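Peer 1: take a look and give me a structure for this.
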Amino acid sequence: MGSNGTEFKELVSRMFDEYIINEMPAHLLRLHPDTGPIETIELVDRFSLRSYYETTVNEIREDGIVPNAGEEWEAAILRLIREKIQYAILSHRWVDGDSETSFQYMQSKVEVKSLDSRVRGLGKLYAFCQKARNDFNCSFAWCDMCCIDKKSNSELDEAIRSMFRWYRNAHICITYLQETDSMDDLAKEEWFKRGWTLLELLAPFRMKFYGKLWAPLRPLHESKNDKCDSILQEISCITRIPETDLRSFKPETNRVQEKMVWASHRRTTRVEDIAYSLIGIFDVSLMVAYGEGRRAFYRLMEAILQRCDQWEIFCWKGSSSLYNAALPADPSCYHAAGNTGDVGGEEQMNNERYIIGDKLFALTNHGLKIKVLLIRVEKVHETVVEGTHGSRKRLGFSHGVLGDVELTCMHSKYEPRHGAEWAFGVIDFWQRGDMSGFLDPYRMSHPYTAFLLSYHPNASPDARWRKEMTEDVVHIRPQRHIEDSLTLLYL
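Peer 2: Modelled structure (predicted):
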C-alpha cells in the first residue's frame with residue numbers, strides 16, 4: 001500500500017490512539033527516573049503512556065513496514081506499535097496477611113524511600129517494580145493491587161473484561177510464586193490452583209517466573225522468557241495444558257470441554273470469579289455483576305453456546321445449573337476425555353462424510369433446543385446408594401443392542417415417578433441428511449456420549465423428556481448398527 005508521508009503519519013497516529021484507548025490498562029505505575037534506581041512510583045492514566053511513547057511511535061516509517069506472511073499492511077503497523085509500547089505486568093496470588101496497596105494510596109507520587117517493605121503488599125509491589133526495571137528495562141508497570149479504582153464500577157468492569165488483553169499486550173509478565181524456592185517445589189505451588197492465574201498463564205506471550213525470594217527460577221542469562229524454555233514441560237505436566245497452548249494460546253469458543261478441565265480444580269474467593277476469569281479465555285462478552293452468585297457461570301455458558309457448535313460442550317457430569325438442567329453448575333463438572341486415539345478406517349470415513357452431532361443447538365426460553373438420536377431403554381432395577389454427599393440411586397437399564405448399562409443418578413427437581421419412561425439421547429451421532437442419524441459399532445476411538453432422559457406422561461401440562469443428573473458421563477457402545485430419525489428436544 002502506498003501513501004504520501006502526511007497520510008501515513010495520520011494513519012499511524014490514529015492507530016496509536018486507538019491502541020492506547022482500547023488495549024491499554026486504564027491506569028499504570030510510572031517508575032521514575034527512566035534509568036538507575038527507582039526513586040518514585042507514580043500512578044498515571046493510559047494517556048501518560050501515550051505521551052511517553054508518542055515520539056517513539058512517530059519514528060515508524062512507511063518503508064520500514066514489512067508484513068509477515070499472510071499479514072495485512074495495517075496489521076504490520078499495529079505490530080510495530082505494540083512492540084514499541086512496553087509495560088510489565090504482575091501475576092501473583094493473595095495470601096493471608098497481605099495488605100492491599102490501595103488505588104487511593106498510590107494516587108500521590110510515592111517516594112520509594114518511604115515505602116515500608118515489611119508490609120507484605122508494599123514489599124511485593126516494590127520487588128515487582130524493581131524486577132520490571134532492572135531485569136526488563138520497563139518504565140511502566142501494572143498490578144491488580146493498586147492499578148484498578150475499585151470504587152468505580154465502570155473501571156472495575158472494564159478491568160475484568162479486558163484482563164486477558166492487558167496480560168497479552170504486556171512486554172513481560174512477571175510471575176511471583178510465593179511458596180516456591182526452586183524448580184523442585186513447582187508442583188506444590190498454590191499459584192497453579194487459583195482461578196485468575198489460569199488467564200495469567202495463558203494470555204502473555206512472554207513470562208518470567210520468580211520464587212519466593214524473588215530469584216528467577218531459571219537464570220536470566222539463560223532465559224528472559226520462560227515461555228521459550230524447558231520450564232514449560234514441567235508446567236504442562238502440572239496443569240495438563242499442552243505446551244503449544246502455553247506458548248501461544250488463542251482465545252476462542254472451541255474445545256470447551258478441554259478448557260473447562262484446565263479450570264476444573266482451580267478456586268476463586270468470589271464465586272462469580274469462576275466465570276469472570278474465563279471471559280478472556282473463551283473470548284466472550286459478559287456483564288460483570290458481583291452478587292449474582294452461580295448465575296454468573298450460567299451466563300458464561302449461555303454466551304459460549306451462542307458461538308459454539310461442538311457437541312463436546314455437553315460432556316459433563318454431576319450437578320446441573322440451577323437455571324438449566326442441560327448445563328453444568330461449574331467447571332468442576334468437566335473431566336478429561338478418555339479417547340484412545342485409535343481411529344479405524346470406517347470411523348475415519350464416517351468422520352469425513354458425515355456431520356457429528358447437532359450443529360444447530362441453542363438456548364431458548366423453553367430450554368436447550370437440541371436434536372438427539374433417541375434410544376428408549378427399559379429400567380430393570382433400582383437401588384439406593386448412600387454416600388458422603390447423601391443418597392444416590394443406582395439404576396440399571398437394558399436394551400437389545402446396547403446391552404446392560406448401570407448409572408448412578410443424583411437428586412433431580414423432576415424426581416422420576418412410578419411409570420416414568422427412560423431413554424438415552426445420543427449427542428455425537430453421525431448425521432445422515434437433516435432428519436436421521438446413526439451409530440456404528442466399528443467406532444473405536446471412544447464410546448458414544450448421551451444424556452440420560454426421563455419422561456413423565458403425567459407431568460401435564462409440561463410433559464417432555466428431561467435430562468437427569470448422573471455421577472458419570474453417560475457412554476454407550478452399540479453392538480450393531482443403529483439408525484433412526486432424530487428427535488428434537490427442549491431440555
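Peer 1: where does this protein dip in pLDDT?
Peer 2: 1-3, 96-101, 116-120, 339-347, 387-390, 411-418, 459-462 (pLDDT under 70).
Peer 1: any idea how many residues pack against the closest residue in space to Val474 that isn't next to it in sequence?
Peer 2: Once flanking residues are discounted, Val474 sits nearest to Ala450: 4.6 Å by C-beta to C-beta, 6 or more residues apart in numbering. Yep, even glycine has a C-beta here, placed from its N, CA and C like the rest. By other C-beta atoms under 10 Å, the residues close to Ala450 number 26.
Peer 1: which element, helix or strand, includes Ala450?
Peer 2: Element membership of Ala450, judged by DSSP states H and E, is strand 448-455.
Peer 1: quick check: which helices or strands does the next helix or strand after that strand pack against?
Peer 2: Counting by DSSP H and E, the next helix or strand C-terminal to strand 448-455 is strand 465-467. When contacts are defined as 3 or more C-beta pairs under 8 Å, 6 or more residues apart in numbering; DSSP states H and E, strand 465-467 sits against strand 421-426, strand 448-455.
Peer 1: and those strands as a markdown table, adding distance to Arg480?
Peer 2: As requested, these are exported to a markdown table (distance: least, C-beta to C-beta, whole Å):
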| stretch | distance to Arg480 |
| --- | --- |
| strand 421-426 | 15 |
| strand 448-455 | 13 |
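Peer 1: angle of the strand holding Ala450 against strand 421-426?
Peer 2: Counting by axes from the mean of the first three to the mean of the last three C-alpha atoms, to 10 degrees, strand 448-455 lies at 150 degrees to strand 421-426.
Peer 1: who touches strand 448-455?
Peer 2: With contacts defined as C-beta atoms under 8 Å, 6 or more residues apart in numbering, strand 448-455 is touched by 311, 314-315, 326, 372, 374-375, 407, 409, 414, 416, 420-429, 439, 463-468, 470, 473-478, 489, 491.
Peer 1: surely Lys124 touches Tyr176?
Peer 2: Yes. Contact criterion C-beta atoms under 8 Å: Lys124 and Tyr176 qualify, at 6.8 Å.
Peer 1: shared neighbours, the two?
Peer 2: Common neighbours of Lys124 and Tyr176 (C-beta under 8 Å, 6+ apart) are His92.
Peer 1: next, the buried residues of stretch 201-218.
Peer 2: 201-211, 216-218 (16 or more other C-beta atoms under 10 Å).
Peer 1: then stretch 192-200?
Peer 2: 192, 194-200.
Peer 1: figure out the length between the terminal residues of stretch 34-44.
Peer 2: End-to-end distance of stretch 34-44 (C-alpha to C-alpha, to the nearest Å): 15 Å.
Peer 1: pull out the buried residues from that stretch.
Peer 2: By 16+ other C-beta under 10 Å, the buried positions in stretch 34-44 come out as 38, 41, 43-44.
Peer 1: again, but for stretch 299-315
Peer 2: Buried residues in stretch 299-315, counted by 16+ other C-beta under 10 Å: 299-305, 308, 310-315.
Peer 1: dump that stretch to PDB, keeping only the CA atoms.
Peer 2: The C-alpha atoms that make up stretch 299-315 are tabulated as PDB, following Å, rounded to 0.1, in the frame of the first residue of the first chain:
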ATOM      1  CA  ARG A 299     -24.400 -16.700  31.800                       C
ATOM      2  CA  LEU A 300     -20.900 -17.600  30.700                       C
ATOM      3  CA  MET A 301     -22.200 -20.900  29.300                       C
ATOM      4  CA  GLU A 302     -25.000 -19.000  27.600                       C
ATOM      5  CA  ALA A 303     -22.500 -16.700  25.900                       C
ATOM      6  CA  ILE A 304     -20.300 -19.600  24.800                       C
ATOM      7  CA  LEU A 305     -23.300 -21.500  23.400                       C
ATOM      8  CA  GLN A 306     -24.100 -18.600  21.100                       C
ATOM      9  CA  ARG A 307     -20.800 -19.200  19.200                       C
ATOM     10  CA  CYS A 308     -20.100 -22.900  19.800                       C
ATOM     11  CA  ASP A 309     -21.400 -25.800  17.700                       C
ATOM     12  CA  GLN A 310     -19.300 -28.600  19.200                       C
ATOM     13  CA  TRP A 311     -21.200 -31.400  21.000                       C
ATOM     14  CA  GLU A 312     -18.300 -31.900  23.500                       C
ATOM     15  CA  ILE A 313     -19.600 -28.900  25.400                       C
ATOM     16  CA  PHE A 314     -22.200 -31.300  26.900                       C
ATOM     17  CA  CYS A 315     -19.700 -33.900  28.100                       C
END
